[in-house]
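**Q** this is a predicted model, with the sequence first.
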Amino acid sequence: MNGPAPSLVVSEIFGPTVSGEGPTLGQRCSFLRLGGCNLTCTWCDSAWTWDASRFDLRAELHRMDADDVVDRLLATGVRFVIVSGGEPLLQQRYDGWGAVLRGLTGAGVRVEAETNGTVEPTEETARLLSRFVVSPKLAHSGVAEDRRINGPALKALAATGKAAFKFVCRDADDVAEVAALTAAHGIPARRVWVMPEGTDSATLAGRLSVIADPAVAAGFNVTTRLHVHAWGDARGR
């Protein structure tokens, strides 16, 4: 008897849109947002993927067959997919994870994943993804350091040769925290992007003006949140 079809717990699939942050800023893409997270950042902009105290996760999340996920993404007509969350690498040991990555890459789609840097990638994940955008959380996330910083996971992600590191910052002190953290874990400055925290253009602009100079002085790259400037805090954009 055949078992259940490979599947993933999905929050939303949308596109075409553009990548809003980091090294692929402005590139046309589609998104696969998965459910679940192992952190509880106070400013999380996708808390509906994990926070049962504020959202009905039975309504927000649904299990989808891997073939349906691939078909939906291919139907957007875009050959670049970003897998996000929540923390998507929590699902990398599900049968559906490999099935989706193999289905997309086999169709010529470039796939990257956003991750908080606390979960080590499997060999298959590292082989099939084109990039990891690793976003370790700083103290202002409200999460204890021993939960949000995992040295072996950061080392494993960096060792893939496919990792860019993106940090959410509010002020110059946050940029200094990034400098200390990246130095402690041997992350080269050229692979670091610093981004303002915020979900509206005014907040982003104000914080960008504060963090840009210290970020550049530290040798970091700087990114904004392009999708927020274009569409505000709308979901599915």
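**A** Perfect, thanks for sending it. Remember, it's a predicted structure, so these values are computed and weren't measured experimentally. Residues are numbered from 1 along each chain as shown.
**Q** heading C-terminal from the longest helix belonging to the chain, find the next helix or strand.
**A** For the chain, the helix that runs over the most residues, judged by DSSP state H, is helix 201-217. Where DSSP states H and E defines the elements, the next helix or strand beyond helix 201-217 is strand 221-222.
**Q** who touches the spatially most central residue of the chain in this structure?
**A** In the chain, the C-alpha nearest the mean C-alpha coordinate belongs to Glu114, at 2.3 Å (Cα atoms, centre = their mean). With contacts defined as Cβ atoms under 8 Å, 6 or more residues apart in numbering, Glu114 is in contact with Ile82, Val83, Ser84, Gly85, Pro88, Val133, Ser135. Placement of C-beta: from N, CA and C, glycine included.
**Q** against Leu104, how distant is it?
**A** Between Glu114 and Leu104 the computed distance is 16 Å (Cβ to Cβ, to the nearest Å).
**Q** excluding its backbone neighbours, what's nearest Cys41?
**A** Ser141 (4.1 Å; Cβ to Cβ, 6 or more residues apart in numbering).
**Q** enumerate every residue touching that neighbour.
**A** Ser141 neighbours (Cβ under 8 Å, 6+ apart): Leu39, Cys41, Thr42, Trp43, Arg148, Val168.
**Q** show me the contacts for the fourth one.
**A** When contacts are counted by Cβ under 8 Å, 6+ apart, Trp43 is found next to His140, Ser141, Val168, Glu197.
**Q** mind picking the two most distant members of the contacts of Glu114?
**A** Within these, Val83 and Ser135 form the most distant pair, 13.4 Å apart (Cβ to Cβ).
**Q** which of the two has more neighbours?
**A** Val83 (25 against 20; other Cβ atoms under 10 Å).
**Q** was I right to think that one contacts Ile13?
**A** No. Judged on Cβ atoms under 8 Å, Val83 makes no contact with Ile13 at a distance of 10.4 Å.
**Q** and Val9, that one's in a strand?
**A** Yes. Counting by DSSP: H, G, I helix; E, B strand; the rest coil, Val9 is located in a strand.
**Q** do you know the pLDDT at it?
**A** Val9 carries a pLDDT value of 98.
**Q** any idea how many residues pack against the closest residue to it other than its chain neighbours?
**A** Nearest non-adjacent residue to Val9, counting by Cβ to Cβ, 6+ apart: Gly35, 4.3 Å away. For Gly35, the neighbour count with other Cβ under 10 Å is 24.
**Q** residues in contact with Gly35?
**A** Val9, Val10, Ser11, Thr49, Trp50, Leu57, Glu60, Leu61, Gly85, Gly86.
**Q** just give me the closest of these to His185.
**A** Gly85 (22.0 Å).
**Q** distance of that closest one relative to Gln91?
**A** For Gly85, the distance to Gln91 - Cβ to Cβ - is 9 Å.
**Q** what is in contact with those two at once?
**A** Common neighbours of Gly85 and Gln91 (Cβ under 8 Å, 6+ apart) are Leu34, Gly36.
**Q** those two: who's more crowded?
**A** Comparing Gly85 with Gln91 by other Cβ under 10 Å, the one with more neighbours is Gly85, at 25 against 21.
**Q** so what's that one closest to, chain neighbours aside?
**A** Gly85 sits nearest to Leu34 (Cβ to Cβ, 6+ apart), 5.0 Å away.
**Q** OK, contacts around that neighbour?
**A** For Leu34, the contact set (Cβ under 8 Å, 6+ apart) comprises Leu8, Val9, Val10, Ser11, Thr49, Val83, Ser84, Gly85, Gly86, Pro88, Leu90, Gln91.
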